[in-house]
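Trainee: could you look at this predicted model? Sequence included:
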Amino acid sequence: MAYEVILFEVVDQVAKITLNRPERLNAWNPQMRDEMTHALRAANADDAIRAVVITGAGRGFCAGADLGPSAEKTFARAVLTDAELEERESQLTRPNQIDKPVIAAINGAAVGVGITFPLLCDIRLVAEDAKIGFSFGRRGMIGELGSHFLLPRIVGFSVASDLLLSGRMISGTEAADFGLAHKALPREQLLDAAMAMAKEYVNVAPVSVAISKRLLWDGMGTTLQALRNKESRLFAWAGSQPDSKEGIRSFLEKRKPAWKMSVARDLPEGLNEKV
């Protein structure tokens, strides 16, 4: 696929995906959504890629949905049944659905979908001076992409209520204080820090990372006991696999591990089962 509104490059086994409409502060549109789906799927299918960083070109991360002349049609969607929603979602891929760690490097303005989309990433780093807002109510809308589920679990109910109900803007520093971001950094240091963090995942067995990521996201919507049961089954499976043996040998031999398993080929049965 030839990308037009994103950039995709691989650096040291890390895929860097850049929202690339700087003249519109990387405002989100259907083409960007579709290209992002393709890029995430491509990164997931490539065993040479071990992590993903998503950032924005220019001075913004994503200024929200592109409020051009067709915006009213974009927002005025038909009410879909559960089956229709499931079919629509099956055509898209979100950061939480791939088997590689995904870091959002929020380098500037992140408003509306520009901040609900990063909620679906595993980790968020943010520029200290970034302007962030769940501004949906100020446009007569409500947040989507599971923001009413995810945000309270990330920052707590009270803070989530304030952010979603007021639509007020906060800084990157405040976002880190709230726990919305892992860390706030000077803008000029942000991307390097995100790439350095992503490269840490290259040292870890890729199948282990995929399983742990899936369990973390499963745990957002289930009971402790149900998650422990699934975790226990996957723990036993992982302990019998080549990467577990290699991890122990490399430790004892004081060398870097040579992982043998492939996310594309070797994930366990039952990993996708709901808990």
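Mentor: The structure has been received and is ready for your questions. Residues are numbered from 1 along each chain as shown.
Trainee: from here on, contacts and neighbour counts on C-alpha atoms
Mentor: OK.
Trainee: name the element the closest residue to A175 other than its chain neighbours belongs to?
Mentor: Distance criterion CA to CA, 6 or more residues apart in numbering; nearest residue to A175, sequence neighbours excluded, is A181 at 5.6 Å. Using DSSP states H and E, A181 sits in no helix or strand.
Trainee: can you get me a residue count around A181?
Mentor: 24 (other CA atoms under 10 Å).
Trainee: tell me if I'm right that it and R124 touch.
Mentor: Yes: at 4.8 Å, A181 and R124 qualify as touching, with contact defined as CA atoms under 8 Å.
Trainee: residue contacts, the nearest residue to M169 once chain neighbours are set aside?
Mentor: In this structure, M169 finds its nearest non-sequential neighbour in G133, 4.5 Å apart by CA to CA, 6+ apart. Counting by CA atoms under 8 Å, 6 or more residues apart in numbering, G133 makes contact with 110-112, 115, 163, 167-170.
Trainee: mind doing that once more with 10 Å?
Mentor: 63-64, 109-116, 163-164, 166-171 (CA atoms under 10 Å, 6 or more residues apart in numbering).
Trainee: give me the low-pLDDT residue ranges for the stretch 51-200 of the chain?
Mentor: Along the stretch 51-200 of the chain, the model assigns pLDDT under 70 to residues 69-79.
Trainee: hmm, back to that, need the phi and psi values for the residue nearest to M169.
Mentor: phi -150, psi 130 (degrees, to the nearest 10).
Trainee: helices of the stretch 1-150 of the chain, start to end?
Mentor: 30-45, 71-75, 82-90, 113-116, 147-155 (DSSP state H, counting those that start in this stretch).
Trainee: and for the shortest one, what's in contact with it?
Mentor: Outside of helix 113-116, the residues within contact range by CA under 10 Å, 6+ apart are 26-28, 60-66, 104, 106, 108-110, 119, 132-136, 143-148, 150-151, 180.
Trainee: center of the chain - which residue?
Mentor: C121 (1.7 Å; CA atoms, centre = their mean).
Trainee: check which residues of stretch 53-71 are buried.
Mentor: 53-58, 60-66 (16 or more other CA atoms under 10 Å).
Trainee: and stretch 31-50, by the same measure?
Mentor: Applying 16+ other CA under 10 Å to stretch 31-50 flags 32-33, 35-41, 43-45, 47, 49-50 as buried.
Trainee: restrict it to CA atoms and write it as CSV.
Mentor: Extracted C-alpha coordinates of stretch 31-50, given in CSV (Å, rounded to 0.1, in the frame of the first residue of the first chain):
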residue,chain,number,x,y,z
GLN,A,31,-7.9,7.7,4.9
MET,A,32,-5.7,8.1,7.9
ARG,A,33,-7.7,5.5,9.8
ASP,A,34,-7.4,3.0,6.9
GLU,A,35,-3.7,3.6,6.4
MET,A,36,-3.1,3.2,10.1
THR,A,37,-4.9,-0.1,10.0
HIS,A,38,-2.7,-1.3,7.1
ALA,A,39,0.5,-0.1,8.8
LEU,A,40,-0.3,-1.8,12.1
ARG,A,41,-1.1,-5.0,10.4
ALA,A,42,2.1,-4.8,8.4
ALA,A,43,4.1,-4.2,11.5
ASN,A,44,2.4,-7.1,13.3
ALA,A,45,3.1,-9.5,10.4
ASP,A,46,6.8,-8.7,10.2
ASP,A,47,8.9,-10.8,12.7
ALA,A,48,11.8,-8.4,12.2
ILE,A,49,9.7,-5.6,13.8
ARG,A,50,9.6,-5.8,17.6
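Trainee: avg pLDDT for it?
Mentor: Mean pLDDT, stretch 31-50: 97.
Trainee: ok now it, how far from the chain's centre?
Mentor: Centroid displacement of stretch 31-50 relative to its chain, using CA atoms, centre = their mean, to the nearest Å, is 12 Å.
Trainee: this structure: strands as residue ranges?
Mentor: Remark: strands assigned in the chain by DSSP state E are 6-11, 14-19, 51-56, 60-62, 102-106, 109-111, 123-127, 131-133, 169-171, 183-185.
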